[in-house]
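> Below: sequence and its predicted model.
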Amino acid sequence: MKEIDELTERIDGQDEIIDSLIKKITDQEKREPKTADYTLHFEALQKIFEVFLVRYNKENAELKQAVTLLNISYPAEQIQTTLIEVKTILEAIRKSLPVKVKHEFDPKTKGWIIAGVVLLIVTAISSGLCGHLWSENMRLQANDIKFRMLRQCYPIQANWAEQHYYNNPDAAEGETIRLENEAKERSAAADIVNQKQRRIKVAYKTLIKLKHH
């Protein structure tokens, strides 16, 4: 029983400490504006609570062991109720204290971040340019193979085209565009002629049928 009384007195002393902390926090809230940052106070209070809980849990374990040995149930129930009340008070204090987290970058860190972003942009541009050049190189390689195949079948025409291009590339480009346009016009004219011929054939067949009737 003496051990239980001593532990009970120590628990009561801890309750007085908690009440004193609550009063200090309440006075601090009244003196400071509502928008004040209690982060430092909360961290200090958290450390005090952690030490208190370690000691309190140890004392509670010793008290439970003493109660078990003495086979006394009522003090154990009282102590359990006290523990619940203390945990409730601690939880209320934790919720009532505003926590404000501020993220700030060191000037050197900002420089590294900017350098990283610039490096990523340069890498993306370089990758896109390399992809475009690779695609263009493949297209030119395909055109070269096609020209060499045509040279095997039409060597005279291929040599003429190559000589004409080397003598004057701009004139060769203009001549090629002109020939392509003329070919398109001839193709369009041929389509119109074929369409008219088909209509004439249909009209002729219709006329023959009408004569037979």
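The structure has been received and is ready for your questions. Numbers count the residues shown, from 1 in each chain.
> Helices of this protein, start to end?
2-31, 39-70, 74-96, 107-153, 155-167, 169-212 (DSSP state H).
> tilt between the last one and helix 155-167?
Put plainly, it is helix 169-212. With axes from the mean of the first three to the mean of the last three Cα atoms, to 10 degrees defining the directions, helix 169-212 sits at 140 degrees from helix 155-167.
> Show me what helix 169-212 is packed against.
In terms of contacts (3 or more Cβ pairs under 8 Å, 6 or more residues apart in numbering; DSSP states H and E), helix 169-212 is packed against helix 155-167. For glycine as for every other residue, the C-beta is placed from the backbone atoms N, C-alpha and C.
> Report the inter-axis angle for the helix it packs on versus helix 107-153.
Going by the same axes, to 10 degrees, helix 155-167 makes 140 degrees with helix 107-153.
> Next one, pLDDT for S126 please.
Listed pLDDT for S126 reads 92.
> ok, now H213?
61.
> how near is E85 to C130?
70 Å (Cβ to Cβ, to the nearest Å).
> One more: Q195?
Applying Cβ to Cβ to Q195 and C130 gives a distance of 49 Å.
> low pLDDT regions in the protein?
Residues of the chain meeting the criterion pLDDT under 70: 1-15, 18, 21, 28-42, 45-46, 49, 52-53, 55-79, 93-108, 212-213.
> Break it into its domains for me.
Each structural domain of the chain that the record assigns through automatic domain parsing is listed here as a residue range: 2-96, 174-213.
> Burial check on L133, number of neighbours?
By other Cβ atoms under 10 Å, 10 other residues sit near L133.
> got the contact list for it?
Under the criterion of Cβ atoms under 8 Å, 6 or more residues apart in numbering, the contact list for L133 is empty.
> I'd like to check which residues are in contact with Q197.
Contacts of Q197 by Cβ under 8 Å, 6+ apart: none found.
> again with the one 3 residues further on
Contacts for I200 were tallied using Cβ under 8 Å, 6+ apart; there are none.
> Relative to A190, how far out is it?
15 Å.
> Equivalent analysis for A92, please.
94 Å.
> Also I114?
Distance from I114 to A190, by Cβ to Cβ: 64 Å.
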